[in-house]
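Peer 1: Okay, here's the prediction I keep looking at, along with the sequence it came from:
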Amino acid sequence: MKLISFIINRFGYKPKNLLFFLQATTHKSFLTTPSSENSNERLEFLGDAVLDTVIAEYLFLKFPNEDEGFLTKIKSKIVNRKNLSEIANAMKIRDVLRFNDTRSINMGSLEGNAFEAIIGAIFLDGGFEKVSNSINNYIIRKYINLTKLLEEEIDFKSTLFIWCQRRKLKIDFITVSETIENGQRIHKVKALINNTEYGVGIGSSKKVAEQEAAQKTLELIGEL
């Protein structure tokens, strides 16, 4: 009952087959004969892939005008070992873990792995839609501070995103032109906030042009 209550309260999901979740919260150190079949290692592998997919979809929809590089960078910040361990710790996931506490174990790693294993268990027990709802409505909302993650990016574009997000303003970067000058491609990009034009940037790549447009926008709104 304690495990069922934990899954419902932290993940917003009511287990049907409790065996999936017992395995997800069982570290191999707890077993008499450690085996990946009975420990949470296989579910961790599955959960890692599911979590990666759901977070990728979330960011894809959240930032419709961002390129692959930006999306990849933010996704890696969300699903890296350190961040997952912090989420698991905030959830107090160790309260439902089964492990041998007489052994020297990295609790951060154990908790983060168990978190992914539970994601894998929800996927097997309820399917992709259920696990996607759990991650979006419980994990992202309660345990992932997207603004803080963006703040860790020191570039002008991320700074501008944070400024707009806090004020619930729409931010877009629109390509004005792409030309060739002296054999080099030149990109011209403008930044729009709530469809109002602000800074314009020029660069040898779209990314460089967007950074300059963001910098000029921050100057115009008095943030630099």
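Peer 2: Everything's here; your move. Numbering: from 1, shown residues only.
Peer 1: Can you give the distance of the longest helix seen in the chain from its chain's centre?
Peer 2: If each helix of the chain is counted by residues according to DSSP state H, the longest one is helix 41-62. Distance of helix 41-62 from its chain centroid, counting by Cα atoms, centre = their mean, to the nearest Å, is 9 Å.
Peer 1: Just the residues contacting the next helix or strand after it, thanks.
Peer 2: Using DSSP states H and E, the helix or strand that directly follows helix 41-62 along the chain is helix 68-79. The contact list for helix 68-79, computed with Cβ atoms under 8 Å, 6 or more residues apart in numbering, reads 48, 51-52, 55-56, 59-60, 63, 83, 144, 146, 149-150, 152-153, 157, 207. Where C-beta positions appear, they are placed from N, C-alpha and C, glycine not excepted.
Peer 1: Can you flag the buried ones in these?
Peer 2: Buried members of the contacts of helix 68-79, counted by 16 or more other Cβ atoms under 10 Å: 48, 51-52, 55, 59, 83, 144, 146, 149-150, 153, 157, 207.
Peer 1: The residues you listed into a markdown table, with extra columns for pLDDT and distance to Cys164?
Peer 2: Putting the buried ones among the contacts of helix 68-79 into a markdown table (pLDDT from 0 to 100; distance: Cβ to Cβ, whole Å) gives the following:
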| residue | pLDDT | distance to Cys164 |
| --- | --- | --- |
| Asp48 | 95 | 32 |
| Leu51 | 97 | 27 |
| Asp52 | 96 | 27 |
| Ile55 | 97 | 21 |
| Leu59 | 94 | 16 |
| Asn83 | 90 | 23 |
| Ile144 | 91 | 19 |
| Leu146 | 84 | 13 |
| Leu149 | 78 | 15 |
| Leu150 | 75 | 11 |
| Glu153 | 59 | 14 |
| Lys157 | 87 | 11 |
| Lys207 | 85 | 19 |
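Peer 1: quick one: which of these is nearest to Phe99?
Peer 2: Minimum distance to Phe99 across the buried ones among the contacts of helix 68-79 is 19.3 Å, recorded for Asp48 (Cβ to Cβ).
Peer 1: Who are the contact partners of the closest one?
Peer 2: By Cβ under 8 Å, 6+ apart, the neighbours of Asp48 are Val79, Glu116, Gly120.
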